[in-house]
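In: Prediction below, plus the sequence it came from.
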Amino acid sequence: MGVKITELVSATRKTPPIASLMNKSIAIDTFNWLYSFLSSIRLSEGSMLQDDQGLATSHISGFFLRNIYLLENRIKPIYVFDGKPSDLKKTTLAKRAEVRDAAVKKSEDAKEEGDIEGARKFAEAGVHLEKYMIEDCKVLFKLMGIPYIEAPAEGEAQAAHLVNKGVVDKAVSQDYDCFLFGARSLLRNLTQQKVRHIRGKNYPIELESYDLETVLKHLGITREQLIDLGILIGTDFNPGIKGIGPKTALKYMQEHGSIENLYDKKPDLASHLPMDVVQSVRKVFLEPDVTDTYKLVVEPFDTDGLVEFLCKSKKFDEKRVKTRIAAMQRELKKAAQHSLDSFLAT
């Protein structure tokens, strides 16, 4: 879910055209998109797309089309997979699992009652990630010539590390945790879709770009203080203090500078969020478990292998798949006058 600071950073948001990312490299928080595809790509009654073995293919459809969109716009993606979660995250993960289990039950009940809209709504909230889904993604990325990295811990931390080391230009995630991990530049809403459907309403989607330095200057705080702000309102690694929202937390950081100084003035708050927890969560963001030991293996775009995987194995419509690939290749040839393989290899 990530730290909820949209209302604080929205004034710094830029909405650049997709063309501004031409020839840029990006590090993508894979699981962020994976959960999104599994949740949103559904049949009318809420069930996911499936192959003839009953295995979900919604994620494959989502990543295939998103990757085509990135490549035909000459954007160079690198996917980052999460590694082992921090022990501090176990409570959050357990709560999420409970919510998802409850949503699955509500979806099944709604379906039995003939409530198709309710069945879909609850099904979207009941996503369970299976190991085969992750392996599907890796196969797909390899066939499309897109490299990926397996992070030792948080994917967002590794993406931020890649940005700050100059390996890529920008991190991509819907969550603002990338800023707490120190990412200099963040993209949100990197999608080919123009409208998002939420509870029967349509909302326009615009590509969003944020710069950490601009965000901190706008808020009048440091990155360390932004981390403390996040800890006060709650992160994936700790519950926040009830009654403290983003604006109040920002005010506290601007006035007191740190959680220690805040507790000196308001000692009752310490009982809700002990300093040992604060220090542990700070360490997650300030000293993240990341790696420089990886190989960015770029395979040639394998059209035949991709068609075999999508259409023979996963039962996608062959004509549609081939048509979409051909359209991308024509676009790249027209725009850049070189082959897809040479584009990916540069």
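Out: Happy to help now that I have it.

In: Looking at the host helix or strand of residue 38 now, give me its mean pLDDT.
Out: Assessed by DSSP states H and E, residue 38 sits inside helix 30-40. Helix 30-40 shows a mean pLDDT of 93.

In: how far out from the middle of the chain is stretch 209-217?
Out: Here stretch 209-217 shows a centroid-to-chain-centroid distance of 19 Å under the convention Cα atoms, centre = their mean, to the nearest Å.

In: Would you mark the buried spots in it?
Out: 209-212, 215-216 (16 or more other Cβ atoms under 10 Å). The way it works is simple: take the backbone N, C-alpha and C, and place the C-beta from them, glycine included.

In: packing partners for the helix holding residue 38?
Out: Under the contact definition 3 or more Cβ pairs under 8 Å, 6 or more residues apart in numbering; DSSP states H and E, helix 30-40 sits against helix 58-72, strand 76-81, helix 131-143, helix 155-164.

In: Repeat the analysis, applying 10 Å as the threshold.
Out: Packing partners of helix 30-40 (3 or more Cβ pairs under 10 Å, 6 or more residues apart in numbering; DSSP states H and E): helix 58-72, strand 76-81, helix 116-124, helix 131-143, strand 148-150, helix 155-164, strand 170-172.

In: now it against helix 131-143, angle please.
Out: Interaxial angle, helix 30-40 versus helix 131-143 (axes from the mean of the first three to the mean of the last three Cα atoms, to 10 degrees): 110 degrees.

In: before we move on, back to that, for the buried residues of stretch 209-217, give me TSV that also has secondary structure and distance to residue 155.
Out: Converted to TSV, those look like this (DSSP: H, G, I helix; E, B strand; the rest coil; distance: Cβ to Cβ, whole Å):
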residue	secondary structure	distance to residue 155
209	strand	20
210	strand	18
211	strand	21
212	helix	18
215	helix	21
216	helix	23
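
In: Could you dump those residues into JSON lines with distance to residue 29 and pLDDT added?
Out: As requested, these are exported to JSON lines (distance: Cβ to Cβ, whole Å; pLDDT from 0 to 100):
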{"residue": "209", "distance to residue 29": "16", "pLDDT": "98"}
{"residue": "210", "distance to residue 29": "14", "pLDDT": "98"}
{"residue": "211", "distance to residue 29": "18", "pLDDT": "98"}
{"residue": "212", "distance to residue 29": "16", "pLDDT": "98"}
{"residue": "215", "distance to residue 29": "18", "pLDDT": "98"}
{"residue": "216", "distance to residue 29": "21", "pLDDT": "98"}
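
In: Any chance of a markdown table for those residues, columns distance to residue 25?
Out: Shown next, in a markdown table, are those (distance: Cβ to Cβ, whole Å):
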| residue | distance to residue 25 |
| --- | --- |
| 209 | 15 |
| 210 | 18 |
| 211 | 17 |
| 212 | 18 |
| 215 | 22 |
| 216 | 24 |
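
In: what bridges to the closest residue to residue 148 other than its chain neighbours?
Out: Once flanking residues are discounted, residue 148 sits nearest to residue 79: 4.0 Å by Cβ to Cβ, 6 or more residues apart in numbering. Per DSSP bridges, the residues bridged to residue 79 are residue 28, residue 148.

In: Make sure residue 79 is actually in contact with residue 67.
Out: Yes. Assessed by Cβ atoms under 10 Å, residue 79 is found in contact with residue 67 at 9.3 Å.

In: between these two, which one's more packed in?
Out: Between residue 79 and residue 67, residue 79 has the larger neighbour count (other Cβ atoms under 10 Å), namely 26 against 21.

In: Next one: that one from residue 34, what distance?
Out: 10 Å (Cβ to Cβ, to the nearest Å).

In: can you check residue 193 too?
Out: Residue 193 sits 16 Å away from residue 34, going by Cβ to Cβ.

In: Look at those two and report which has more neighbours.
Out: Under the criterion of other Cβ under 10 Å, the comparison of residue 193 against residue 34 puts residue 34 first, with 23 against 13.
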